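Trainee: structure for this input, please:
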Amino acid sequence: MSLRRHRWGEPKRFPPFKTERACLNGCGIVKVTRHESEGPRDVHWQEFWRGGDKLPAGPTPACEAVQPPVY
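Mentor: Model (predicted):
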């Protein structure tokens, strides 16, 4: 059984710290990447959202398409 991988769309940037990419497979997941500075160091992290709800922290959620893929 092979797992479907996410295909992330073009980034939508929200200056100064946030980038969002939606999965093109139709699973409804949006990957949010944050880029911030804390004093002399940069801090980066990712969050995953579906339908306005933040998913629990951890590895990238599985890609389970709920509608046909967008090409």
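Trainee: contacts only, for the residue most central in space within the chain.
Mentor: For the chain, Lys31 is the residue whose C-alpha lies nearest the centre (C-alpha atoms, centre = their mean; 0.9 Å). By C-beta atoms under 8 Å, 6 or more residues apart in numbering, the contact set of Lys31 is 6, 8, 20-23, 46-48, 60. Yep, even glycine has a C-beta here, placed from its N, CA and C like the rest.
Trainee: now for the residues you listed, which sits with the most neighbours around it?
Mentor: Neighbour counts for the contacts of Lys31, by other C-beta atoms under 10 Å, peak at Cys23, which reaches 24 neighbours.
Trainee: the chain: helices as residue ranges?
Mentor: Here the chain has no helices by DSSP state H.
Trainee: where does the prediction get shaky in it?
Mentor: 1-3, 65-71 (pLDDT under 70).
Trainee: which residues does Ser37 bridge with?
Mentor: Beta-bridge pairing of Ser37 under DSSP bridges involves Asp42.
Trainee: just checking, it touches Val43?
Mentor: Yes - if you go by C-beta atoms under 8 Å, Ser37 and Val43 touch, sitting 7.0 Å apart.
Trainee: coming back round to it: which of the contacts of Lys31 fall in strands?
Mentor: Here DSSP state E is the test, and the contacts of Lys31 give 20-22, 46-48 as lying in strands.
Trainee: which of those sits closest to Lys54?
Mentor: Among those, Glu47 lies closest to Lys54 (C-beta to C-beta), at 6.1 Å.
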